[in-house]
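In: Predicted model, plus sequence, below.
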Amino acid sequence: MSFHQDTGAPGEQSELQPDVAPFQRIRPIQLADALDTIMVSIMDLRTLRYFSAVVREGHFGRAAASLGIAQPPLTRQIQKLERELGVVLLHRSQKKFEVTQAGLLLYERARRLLDGVEQAEADVRRLGTGETGRLVIGFVRSTPFTILPGIVVRFRAAYPDVELELREMRNPDQVKCLENGVIDIGLLRPPISSRALQMVTLIREPFLALVPAHHPLAHRRATSIQQLIAEPFVMYSRAGSPLIHARVMEMCRRAGFEPRIAQYADQIHTVASFVGAGLGVALAPSTVTSFNMPGLRCLAIAEKPAPLPVVAVWRTGNGSVLVRNFTRIAREAASGWRPQDLPA
């Protein structure tokens with residue numbers, strides 16, 4: 001492998017023995033292992049980059065230009081490298097140089113090492129900017145019908161190399177897993193009493209009144225809660241949905257009555273399906289408008305009770321750029337969310 005040299009004095013002789021004299025009695029595999037050890041112990045990355053540039057360009061002048069340095073310092077670095085290794089890497093003549101067997105081996109190993117270093121640098125930078133990595137996201141069952149799909153689509157478009165693991169979990173389980181570091185972010189409903197966590201509100205869902213399609217109020221667009229005083233209620237259980245249970249009980253009591261419970265259910269889609277089947281009426285977040293369940297009518301509530309928030313929650317002090325990126329995109333995606341077919 002011969003190249004134009006354009007360096008050194010004519011007829012300059014090296015004090016080194018040509019080619020790979022110190023390694024002549026070493027088998028190729030042993031030679032490669034020994035060379036790796038030498039590279040790690042006595043060479044810096046700059047020297048390896050210099051030598052690789054010379055071999056790649058096949059010309060000292062072009063190599064120096066590609067490195068942004070003058071040619072004489074480059075020549076001295078290669079000579080210093082040869083002295084440290086104790087082998088000739090480049091056979092020099094007046095107009096050209098030839099890469100020796102040892103030089104070719106060093107070039108192959110140096111390129112492999114430099115490529116690995118460059119990839120490591122790129123990976124670290126991308127991890128530092130949140131372009132790669134892994135996030136574990138907890139979510140309550142209602143969010144796939146509201147904001148979760150939009151958040152995931154937008155996040156994957158912005159950060160395609162970040163792995164998202166999505167876990168459906170109830171509120172209490174999410175809080176516990178956030179505190180213990182099992183999940184990174186939770187999408188759930190407040191209140192959240194843990195001081196170890198912080199949150200940002202993403203959406204606020206209005207409450208609606210649910211009645212069966214054959215109910216006398218079904219033709220209306222709105223109703224007051226007091227008009228439901230004599231109706232059997234499908235109620236969220238205190239154990240399964242403590243927040244919504246408490247809110248519905250509070251709304252009924254403010255309207256002057258205790259609801260007569262016909263059936264308890266844990267999840268919003270179960271509540272909606274029971275109402276559609278004629279078991280009673282219910283008060284529920286506007287998530288129900290996404291279900292399109294037969295036999296169900298959703299009415300606005302005249303009293304306009306306070307909406308039900310969905311929040312993003314993470315551990316206090318978690319400075320992960322992945323968490324920051326996800327919460328930012330979650331807020332952007334949630335800002336455009338509107339309940340489907342919400343009654344006027």
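Out: Sure thing, it's come through. It should be emphasised that the depicted structure is a prediction, and the values quoted were computed from it without experimental measurement.

In: Which helix in this protein has the most residues?
Out: Under DSSP state H, the helix in the chain containing the largest number of residues is helix 101-128.

In: where in the stretch 101-250 of the chain is pLDDT low?
Out: Applying pLDDT under 70 to the stretch 101-250 of the chain flags the ranges 122-123, 126-130.

In: counting contacts, what elements does the longest helix of the chain pack onto?
Out: Counting contacts by 3 or more CB pairs under 8 Å, 6 or more residues apart in numbering; DSSP states H and E, helix 101-128 is packed against helix 28-42, helix 45-57. Using the backbone N, CA and C atoms, a C-beta is placed for each residue, glycine as well.

In: lowest-confidence stretch among those?
Out: Least confident of the helices and strands packed on helix 101-128, judged by mean pLDDT, is helix 28-42 with a mean of 46.

In: hang on, the earlier thing: going C-terminal from the longest helix of the chain, what's the next secondary structure element?
Out: Once the chain leaves helix 101-128, the next helix or strand it forms, by DSSP states H and E, is strand 133-139.

In: Convert that following strand to CSV, retaining C-alpha atoms only.
Out: Extracted C-alpha coordinates of strand 133-139, given in CSV (Å, rounded to 0.1, in the frame of the first residue of the first chain):
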residue,chain,number,x,y,z
GLY,A,133,-33.2,6.5,26.5
ARG,A,134,-36.2,4.9,28.2
LEU,A,135,-39.3,6.2,30.0
VAL,A,136,-41.9,4.2,32.0
ILE,A,137,-45.3,5.9,32.0
GLY,A,138,-48.2,5.0,34.2
PHE,A,139,-51.7,6.0,33.2
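
In: Can you show me the CA trace of the helix or strand that comes right after that strand as PDB?
Out: Sequence order places helix 148-158 as the next helix or strand after strand 133-139, per DSSP H and E. Extracted in PDB, the C-alpha atoms of helix 148-158 (Å, rounded to 0.1, in the frame of the first residue of the first chain):
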ATOM      1  CA  LEU A 148     -52.800   9.700  26.000                       C
ATOM      2  CA  PRO A 149     -52.900   8.800  22.300                       C
ATOM      3  CA  GLY A 150     -52.100  12.400  21.200                       C
ATOM      4  CA  ILE A 151     -49.200  12.600  23.700                       C
ATOM      5  CA  VAL A 152     -47.700   9.300  22.600                       C
ATOM      6  CA  VAL A 153     -48.000  10.200  18.900                       C
ATOM      7  CA  ARG A 154     -46.400  13.600  19.400                       C
ATOM      8  CA  PHE A 155     -43.600  12.400  21.600                       C
ATOM      9  CA  ARG A 156     -42.700   9.500  19.300                       C
ATOM     10  CA  ALA A 157     -42.500  12.000  16.300                       C
ATOM     11  CA  ALA A 158     -40.200  14.200  18.300                       C
END
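
In: OK, contacts around the residue most central in space within the chain?
Out: Using CA atoms, centre = their mean, the residue of the chain that lies closest to the mean C-alpha position is Val162, 3.8 Å off. Neighbour list for Val162: 130-135, 155-156, 322 [criterion: CB atoms under 8 Å, 6 or more residues apart in numbering].

In: Can you tell me which of those residues are buried?
Out: 130-133, 135, 155, 322 (16 or more other CB atoms under 10 Å).

In: In JSON lines: these, plus distance to Ile147.
Out: Converted to JSON lines, the buried ones among the contacts of Val162 look like this (distance: CB to CB, whole Å):
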{"residue": "Gly130", "distance to Ile147": "20"}
{"residue": "Glu131", "distance to Ile147": "23"}
{"residue": "Thr132", "distance to Ile147": "25"}
{"residue": "Gly133", "distance to Ile147": "22"}
{"residue": "Leu135", "distance to Ile147": "16"}
{"residue": "Phe155", "distance to Ile147": "12"}
{"residue": "Leu322", "distance to Ile147": "19"}
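
In: that older thread, tell me what angle the longest helix of the chain forms with helix 45-57.
Out: Angle between the axes of helix 101-128 and helix 45-57 is 120 degrees (criterion: axes from the mean of the first three to the mean of the last three CA atoms, to 10 degrees).

In: Residues touching the host helix or strand of Phe233, excluding its own?
Out: Assigned by DSSP H and E, Phe233 falls within strand 232-236. Strand 232-236 is contacted from outside by 210, 244-245, 248, 252, 259-266, 268, 271, 274-275, 279-282, using CB under 8 Å, 6+ apart.

In: Done for today, thanks.
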